[in-house]
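Chemist: Here is a sequence with its predicted model. Questions after.
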Amino acid sequence: MSQQPDQSPDGTPGSGEPRNHAAKTPKEKKRGFGAWVREVLTIVVIALVLSFLIKTFLFRAFYIPSGSMEETLEINDRIFVNLLVPQPIDLNRGDVVVFKDTKGWLPQTPEKASNPVREALTFVGLLPDESQQHLVKRVIGTEGDHVVCCDADGRITVNDQPLDEPYLYPGAAPSDVPFDVVVPEGKVWVMGDHRNASADSREHQYGEGNGFVDVEDIEGKAVVTAWPLNRVGGVSSYPEVFENVPEPSGGQ
């Protein structure tokens, strides 16, 4: 008995197996690779644009080079700063802020060698700004506040209300430098959490600006520590510390 050839479902002779599609030509392969490259480049461009917009209008990364804010912020921490503070979101006592050094608080440092790739990544916000022209401190007094060191118990007072400051570095006194100031309009009085290692408003109260920081020099409010991973978390303003501080009377 002779073997009948396999037939396809429509009755025509065939193998009974699905037919293979013709192999792609080199031209088709090249066109497919080009489309993949264009798709990847499009995604990269969109990511860079979004990163730039976020960095420009919402958040910006900064690097912590000193221990003046320990233990809230440690050396080499990378933080993200909310650029919507102080405008349009109000600045409050207790906020940890990054501000430009326009009063010469920092020593002059030699310029670092240019690195175009790093500068570009910093520009779009993918790397933290390691510029030595910024400082980070905690706002203790805002416009009109009467800030004094210290009361009989060694505490700082704001508008005659003593502060209990849980964010202070362990063992550090609220201040070993006396001061008695009223914060002018458009200024703030700032201090580091590690008071023994912070050259803040206290140290510069007899220099340019009398230790006050211009609100317009504030880049934003620190909201989160993003690096290293074992320190990821929010940066608290400790509103409970200042909740009983009365508004300035205007007559102090």
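Modeler: Thanks, I have the structure now. No experiment lies behind these values; they were computed from the predicted model shown.
Chemist: dump the residue contacts of A173.
Modeler: G154, R195, N196 (C-beta atoms under 8 Å, 6 or more residues apart in numbering). For glycine as for every other residue, the C-beta is placed from the backbone atoms N, C-alpha and C.
Chemist: same deal with F212?
Modeler: V181, V183, P184, K187, V188, W189, S201 are the contacts of F212 under C-beta under 8 Å, 6+ apart.
Chemist: How much space separates the residue most central in space within the chain from A222?
Modeler: Centroid-nearest residue in the chain, with C-alpha atoms, centre = their mean: F80, separated by 1.8 Å. Distance, F80 to A222, by C-beta to C-beta, to the nearest Å: 7 Å.
Chemist: so what sits against both of these two?
Modeler: Common neighbours of F80 and A222 (C-beta under 8 Å, 6+ apart) are F62.
Chemist: Give me the contact list for the helix or strand hosting the residue nearest to the centre of the chain.
Modeler: Per DSSP states H and E: F80 is located in strand 78-82. Counting contacts by C-beta under 8 Å, 6+ apart, the residues outside strand 78-82 that touch it are 58-64, 73, 89, 98, 128, 136, 219-227, 235.
Chemist: Check stretch 149-156 too.
Modeler: Contacts for stretch 149-156 (C-beta under 8 Å, 6+ apart): 140, 147-148, 157, 162-165, 173-175, 177-180, 202.
Chemist: Counting neighbours, which of the residues you listed end up buried?
Modeler: I140, V147, V148, T157, P162, L163, E165, P174, S175, F179, R202 (16 or more other C-beta atoms under 10 Å).
Chemist: quick one, what contacts I89?
Modeler: By C-beta under 8 Å, 6+ apart, the neighbours of I89 are N82, K221.
Chemist: On the pLDDT front, check it for me.
Modeler: pLDDT for I89: 80.
Chemist: Which strand or helix spans it?
Modeler: Counting by DSSP H and E, I89 is part of no helix or strand.
Chemist: give me phi/psi at it?
Modeler: phi -90, psi 140 (degrees, to the nearest 10).
Chemist: And it, how far from I218?
Modeler: 12 Å.
Chemist: Go ahead and build a ChimeraX selection from the buried members of the contacts of strand 78-82.
Modeler: Entered in ChimeraX, the line below selects the buried ones among the contacts of strand 78-82, by 16+ other C-beta under 10 Å:
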select :59,60,61,62,63,64,73,98,128,136,219,220,221,222,223,225,226,235
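Chemist: still on that earlier bit, pick the one among the contacts of stretch 149-156 closest to L106.
Modeler: L106 lies nearest to R202 out of the contacts of stretch 149-156, by C-beta to C-beta, at 15.9 Å.
Chemist: Got the phi and psi for the closest residue to the closest one other than its chain neighbours?
Modeler: Excluding its sequence neighbours, the residue lying closest to R202 (C-beta to C-beta, 6 or more residues apart in numbering) is V177, at 4.3 Å. Here is the backbone geometry of V177 (degrees, to the nearest 10): phi -120, psi 120.
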